[in-house]
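Trainee: What follows is a predicted protein model with its sequence.
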Amino acid sequence: GAGVSQSPSNKVTEKGKDVELRCDPISGHTALYWYRQSLGQGLEFLIYFQGNSAPDKSGLPSDRFSAERTGGSVSTLTIQRTQQEDSAVYLCASSLYGQGAYEQYFGPGTRLTVT
Amino acid sequence: AQSVAQPEDQVNVAEGNPLTVKCTYSVSGNPYLFWYVQYPNRGLQFLLKYITGDNLVKGSYGFEAEFNKSQTSFHLKKPSALVSDSALYFCAVRDGNDMRFGAGTRLTVKP
């Protein structure tokens, strides 16, 4: 079946512009996560959605970052007034449920470059 | 909070030799532990997980991992490395709703 998809695969934007990154999780997966990865480094947790519950936003680095998940499926991560330090690969993952032994399935990522 | 540590940034092995990528964990209670692999310019792929039961877990691409409770370790192993195994490997632990990842270990397998 289809895996997690993300779009765009690459995004180059000018400093100060807003960007939207999209994630389409695996159908039926109730949990969705956003991570940020800089230059092949570790993963930085950003935000987590589980079903209809309020999202866990504890990882968002500033109020310029926000995310929503419509209809329990597609999610959009929005970065306002982008800064050069926002340049990274943004990874989306989904899992059947958000707790227990359920593994996450990752999308290919969106590489964001802020010039 | 649960956490994992990967003590080696880089591991180099020769093709055909056994490989080990180390991971130690810090949890309260029984851990759910995972290994993921990231090939260049790709997202992370799930390799294997430990839930309970047999301490030796077998996963994709011939990898296996040994859960050792007394040493709080979950090292990834493969009996015979391939050049195509060269990638970035992440250990992770489930912490409630979240998954905590290690910093990653870059494995290079040389011909």
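Mentor: Perfect, I can see it now.

Trainee: Return the list of helices and strands in contact with the worst-scoring helix or strand of chain B on mean pLDDT.
Mentor: Lowest on mean pLDDT, DSSP states H and E among the helices and strands of chain B sits strand B:98-101, with a mean of 84. Contacts defined by 3 or more CB pairs under 8 Å, 6 or more residues apart in numbering or on different chains; DSSP states H and E place strand B:98-101 against strand A:43-50, strand B:3-5, strand B:87-95. From N, CA and C alone the C-beta is placed, and that goes for glycine too.

Trainee: tell me the mean pLDDT for whichever helix or strand comes after it?
Mentor: Remark: after strand B:98-101, the chain's next helix or strand is strand B:105-110, criterion DSSP states H and E. Across strand B:105-110, pLDDT averages out at 96.

Trainee: what packs against strand B:105-110?
Mentor: Applying 3+ CB pairs under 8 Å, 6+ apart, we find strand B:105-110 packed against strand B:10-14, strand B:19-21, strand B:87-95.

Trainee: Tabulate those strands in JSON lines, adding columns for distance to chain A, mean neighbour count and mean pLDDT.
Mentor: Formatted as JSON lines, the helices and strands packed on strand B:105-110 follow (distance: least, CB to the nearest CB, whole Å; neighbours: other CB atoms under 10 Å in any protein chain shown; pLDDT from 0 to 100):
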{"stretch": "strand B:10-14", "distance to chain A": "12", "mean neighbour count": "14", "mean pLDDT": "98"}
{"stretch": "strand B:19-21", "distance to chain A": "14", "mean neighbour count": "20", "mean pLDDT": "98"}
{"stretch": "strand B:87-95", "distance to chain A": "6", "mean neighbour count": "23", "mean pLDDT": "92"}
